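> Have a look at this prediction, sequence included:
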Protein chains: 2
Amino acid sequence: MARVIVDVMLKPEILDPQGQAIARALPRLGFSGVSAVRQGKRFEVELEGPADEAALEEVRKMAETLLANTVIEDYSVRVEG
Amino acid sequence: MARVIVDVMLKPEILDPQGQAIARALPRLGFSGVSAVRQGKRFEVELEGPADEAALEEVRKMAETLLANTVIEDYSVRVEG
């Protein structure tokens, strides 16, 4: 059994109101030194078998069609560890 | 300028209905070989200065008080790269 991580983030050119809200709240809450925050999603996918190239290709297809909206989001797939 | 990543995931003992819904949808969509999916959040925090130990400690405090609900979520903080 292997764990594959899929990170899904808004494309850099897409405005991220959630991240902006966090960045704006930080100084009010006593945190300084942060210039920007972006919020995205992280998926932990547990595979039944090993994380070989075929399995990773399946996870990439899954990210492309199900986990990410590729019009506005980028994704990355990697084996954990 | 440095980028710090904060990953926030539900604690293992907390039920994750979003992840379960994804895992259940996969076979219907033609994907096999996945035993479980868990969904969490990923934050990209851009620092104004370097990601030294003091800055990372600030980000940890930020995760603890603002980005994660530590009753039900775990977080991890790491420098990107």
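Thanks, I have the structure now. In this text, all values refer to a predicted model and were calculated from it rather than measured experimentally.
> remind me, longest strand of chain A?
When chain A is parsed with DSSP state E, its longest strand is strand A:34-47.
> and the next element down the chain from it?
Sequence order places helix A:53-62 as the next helix or strand after strand A:34-47, per DSSP states H and E.
> List the contacts of the lengthiest helix in chain A.
The helix that spans the most residues within chain A, counting by DSSP state H, is helix A:17-28. Applying CB atoms under 8 Å, 6 or more residues apart in numbering or on different chains, the set of residues contacting helix A:17-28 from outside is A:32, A:34, A:35, A:36, A:37, A:38, A:39, B:43, B:44, B:62, B:66, B:67. (Each C-beta comes from the backbone N, C-alpha and C, glycine too.)
> what's the angle from that helix to strand A:34-47?
Counting by axes from the mean of the first three to the mean of the last three CA atoms, to 10 degrees, helix A:17-28 lies at 130 degrees to strand A:34-47.
> can you pull the alpha-carbon coordinates of helix A:17-28 into PDB?
What follows is helix A:17-28 as a C-alpha-only set of coordinates in PDB (Å, rounded to 0.1, in the frame of the first residue of the first chain):
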ATOM      1  CA  PRO A  17     -10.200  35.700  -2.100                       C
ATOM      2  CA  GLN A  18      -9.800  33.100   0.700                       C
ATOM      3  CA  GLY A  19      -6.000  33.500   0.700                       C
ATOM      4  CA  GLN A  20      -6.300  37.200   0.600                       C
ATOM      5  CA  ALA A  21      -8.700  37.300   3.500                       C
ATOM      6  CA  ILE A  22      -6.200  35.300   5.600                       C
ATOM      7  CA  ALA A  23      -3.300  37.500   4.500                       C
ATOM      8  CA  ARG A  24      -5.300  40.600   5.500                       C
ATOM      9  CA  ALA A  25      -6.300  39.100   8.900                       C
ATOM     10  CA  LEU A  26      -2.800  38.300   9.900                       C
ATOM     11  CA  PRO A  27      -1.600  41.800  10.900                       C
ATOM     12  CA  ARG A  28      -4.800  42.300  13.000                       C
END
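> coming back round to it: do any residues in the longest strand of chain A lie close to chain B?
Yes: contact of strand A:34-47 with chain B (CB under 8 Å from any CB of the partner chain) involves A:34-47.
> For that strand, enumerate the helices and strands it packs against.
On a contact count with 3 or more CB pairs under 8 Å, 6 or more residues apart in numbering or on different chains; DSSP states H and E, strand A:34-47 meets strand A:2-10, helix A:17-28, helix A:53-62, strand B:2-10, helix B:17-28, strand B:34-47.
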